[in-house]
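J.: okay, predicted coordinates and the sequence, questions at the end:
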Amino acid sequence: MQVSMTVNGVAHEVDVDPRTLLVHFLREALDLTGTKIGCDTSQCGACTVHLDGKVLKSCTLLAVQADGCEVTTIEGLAEGGEHHPMQTAFWENHGLQCGYCTPGMIMASAAFVRDNPGASENEIRHYLEGNICRCTGYHNIVKAVKQVADSAAGA
Amino acid sequence: MTTRIFGSGIKRREDPRLITGEARYTDDIKLPGVLHMAVVRSPYAHANIVSIDSSAAEAMDGVVAVYTSEDIGDGLAGLPTAWLIPDSDLKTPEHPALAKGKARYVGDGVAIVLADDRYRAQDAADAVVVEYEELPAVIDPEEAAQDGAPLIHDDVEGNIAFRWAPFDKEASDAVFAAADVVVSERILQQRLLPTAMEPRAAMAQYNPATQELTLWCTSQNPHIHRFIISAVTGLNENKVRVIAPEVGGGFGSKIPCYPDEALVSWAAIKLGVPVKWTETRSENYLITIHGRDHVQHVEMAASNDGKLLGVRATVYAGMGGYLSTAAPGIPTILHGLLYVGPYTIDSIYCESIGVMTNGTPTDAYRGAGRPEATFLLERMVDNVARALDMDPVELRRKNLIPAFEDGYDVAAGLTYDSGDYPAAFEKALDMAGYSDFRQAQADAQAQGRYLGIGVTAYTEMCGLGPSQVAGAVGFQGGLWESATVRVTPTGKVQALIGASPHGQGSETTLAQIISEELGFPVEDIEVVHGDTTETPMGWGTYGSRTTPVTGAALAHASRKLKEKARVLAAHLMEANVADIEYADGSFSVKGSPDQAQSIQDVALMAHLAWNMPEGMDPGFEESQFYDPPNFVYPFGTHIAIVEVDAETGEIELQRYIAVDDCGPQINPEVVAGQIHGGVVQGAAQALCEGVIYSDDGQLLTGTMQDYCMPKADMFPNFELGETVTPSPHHPIGVKGVGETGTIASTPTVYNAVLDALAPLGVKQIDMPLTSAKVWGAIQAARS
């Protein structure tokens, strides 16, 4: 099946097996391997991307269902050669260790803070329930997201 | 001019590639013409394999081949067990890459399918028809050790793989017979799923012309993987290149060499095309090693005035269907030797029985044997306190080993390197406000609220370890590390290490060590790891050993370079070596500070070699093999404060205080990260994680939907403190910190919950402390 999708600002027109998951499409057809796969039951959030601006676990959708959509992956989050503020905050606050959950964490957090500037620590912890990290104990991830949330509220 | 960065929480050098999605993990690497491997796995925990019909699978689109154990024949040797503990009557049953005649756990590989696409490979695997004859299965290690239990391997009588009991039983019995008080408990150390966020993956490519095999895989120890892949395939070790690219966490689960790595290697050789395998999470939960799985019968003896006299335990340790790479060493050497803990306990005894079961093989999982020891010790100390009606803090205080700087011999036969346990203990109590807590607890109880506090003092043995000791305890390898510090003509540094970090931040902390020693800015130092062709031999990253062992190798290699630089700088400045002063990467002549040679100048001149001192070789590179003279023993005290809702059984972890001493901290932010992550991993064992099998050996917690991983909203912000007690035998005094959080936190949280429940009459609950179990225990105690 033919699928048209704009990913990170680039238009693609690709023939895919109809059963291909969006995450496999991104990783294998487009070679955007920054989006990760950490489970097979939509718990871990490693595959989180933005679909038409909304947060989406890309293992929950078939590529063909995203026909005509705009997708942003971790590779497309930075703008003009500058890290997105959430990327910077993760780096500055040691919000990552092995890095495997990080693309999904950053994509989820970036959208959350965009929609919830000034979010409290509790709100952040509750929101991040859908993204699992095994390394950091969440402490520095929460710190990073809070830093961006605070600065978004102040802006 | 450089800034001093040892001890500074600088940002990690590995992060730019990780926060942008540019890092390449094994499954991200693509090779043209690659075939995907899917594995047909036994759906039964214990079953004879009657027949395998692969004809339908072979006829499917895109399928290249289907192979069984028979097809492999002697093309692959069995996977070795590499920790052969002595004096234990150890049996090492054969572990073929694909099951031969019988499957021994759900997930045991039965056949492999090679196809041009991962979906098609899985479709074809599903189409392989296997006829099984189901056999009775056994999962509980204590049950598996009883007469009449189903026999899992014909050559492992009674399912007992080993029986390890190195201590003096008569002496221990005498202590217990004479003691005023003896407390006992049956402790279940439930099975846990390591759950590195990156599932395992492997890809192999074989070049028939050169007979070289390259294996990319999710490994914590690529040199050990090379060693084992060479052994099982029969290829010479120098024809095997193992690359651990970016690795997304391990926690021990990426130490072993698994059948899958051997199978992609064999298939790539057989077919002459690259072969890739990536496990799904559900597959990971079935086949990647599990941790813990002990049934422990534990006793502690004490005097009426609160002197801890002895601890003894019989441990049934579940090994699963096969003995994984390091499995026998975990519930023995890394467990029983830790029974003294930070206390002046003079008598210990441990009988550890390794039992084959029809579960997934177990092996090292973060802490590996030491969490299981620390838990039983701390649990029993609280039980003694209750039996004596003594404050558990006062009991611990009374029994802590006093401060020592250089060596303290304990009953386990170990010599702790250095420690000041009372200092960390009192600091943690101060941070927690312990003296006020008991009043707050009583006030809350008066209002029907149940607060509890758990206090754990711990020390642990890490930085594995002296190779002579490794040999004496049957580890089939050394435990030294090696490193090369290579400086380019333009004064940039490549540090090549044999260890293989996979999230610990070692590219940063090890660069900080080199920067401290030689004055190169940390931005100019690259730490290269994970490729057996590019890096010198090393035994890998586990056991909190990379900073202590590799760090020492790098410090020594750097010091050799500094001495070379000092002599060359003196020669270039026409001065005496004795008159050369060094500061911040610059060599100058005493009394004439204008004359100076930077480390970069010296590196260039060493490469040019236009003007070398008599007898000095050109180049600016040094290597060091480092075998530690002893383990390192970090220590500390952790405190948890919880509130339990007696109506629902829900637990709120309100505060968590951790005071840890890992010697001088190279990067306090990296240290804190290790502790945060370790604490959550250990606390989750107490609160929510646990494998559940059905009686017939089906894994009921087989996905992330069923296995309760800790989430962000279960935890408060952690309160960290430190004390600094250098290791006397280490060139920069550092100790490991990768596992302390996990080792200390499980008993801390557990004891806090049981403290909260004490007024309700609840004395024991098996982990994990789910609200259902806590509620049930409250009801049972009330009735």
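T.: Yes, it's here. Predicted model, so just to flag it, every value in this text is computed and none were measured. Numbers count the residues shown, from 1 in each chain, chains lettered A, B, ... in the order given.
J.: may I have the distance across stretch B:351-365, first residue to last?
T.: In stretch B:351-365, first residue to last residue: 21 Å (CA to CA, to the nearest Å).
J.: can you pull the buried residues of the longest helix seen in chain A?
T.: Secondary structure of chain A per DSSP state H: the longest helix is helix A:139-154. Buried residues in helix A:139-154, defined by neighbour count with 16 or more other CB atoms under 10 Å in any protein chain shown: A:139-149, A:152. (Each C-beta comes from the backbone N, C-alpha and C, glycine too.)
J.: can you get me a residue count around whatever residue of chain A ends up closest to chain B?
T.: Chain B sits closest to A:G34 of chain A, with a gap of 1.9 Å, by CB to the nearest CB. Using other CB atoms under 10 Å in any protein chain shown, A:G34 is surrounded by 27 other residues.
J.: and the residue nearest in space to the middle of chain A, what does it touch?
T.: Nearest to the geometric centre of chain A sits A:M107, at 2.6 Å (CA atoms, centre = their mean). Shown in contact with A:M107 (CB atoms under 8 Å, 6 or more residues apart in numbering or on different chains): A:48-50, A:55, A:72-74, A:77.
J.: dump those residues to a markdown table, plus neighbour count and secondary structure.
T.: Output for those, formatted as a markdown table (neighbours: other CB atoms under 10 Å in any protein chain shown; DSSP: H, G, I helix; E, B strand; the rest coil):
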| residue | neighbour count | secondary structure |
| --- | --- | --- |
| A:T48 | 28 | strand |
| A:V49 | 30 | strand |
| A:H50 | 22 | strand |
| A:V55 | 21 | strand |
| A:T72 | 19 | strand |
| A:T73 | 24 | coil |
| A:I74 | 29 | helix |
| A:L77 | 22 | coil |
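J.: picking that back up, need the contact list for the residue of chain A closest to chain B.
T.: A:73-75, A:103, B:20-23.
J.: pLDDT, distance to B:Y285 and secondary structure added to these, as a markdown table?
T.: As requested, the contacts of A:G34 are exported to a markdown table (pLDDT from 0 to 100; distance: CB to CB, whole Å; DSSP: H, G, I helix; E, B strand; the rest coil):
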| residue | pLDDT | distance to B:Y285 | secondary structure |
| --- | --- | --- | --- |
| A:T73 | 98 | 27 | coil |
| A:I74 | 98 | 26 | helix |
| A:E75 | 98 | 30 | helix |
| A:P103 | 98 | 23 | helix |
| B:T20 | 98 | 30 | coil |
| B:G21 | 98 | 26 | coil |
| B:E22 | 98 | 29 | coil |
| B:A23 | 98 | 24 | coil |
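J.: put the buried members of the residues you listed into a ChimeraX selection.
T.: Of these, the buried ones go into a single ChimeraX selection, burial set by 16+ other CB under 10 Å:
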select /A:73,74,75,103 /B:20,21,23
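J.: closest to B:E460 among the contacts of A:G34?
T.: B:A23 (31.0 Å; CB to CB).
J.: contacting residues around the closest one?
T.: B:A23 neighbours (CB under 8 Å, 6+ apart): A:34, A:99, B:17, B:246.
J.: could I get the contacting residues of B:T490?
T.: Each residue near B:T490 by CB under 8 Å, 6+ apart is listed here: B:600, B:604.
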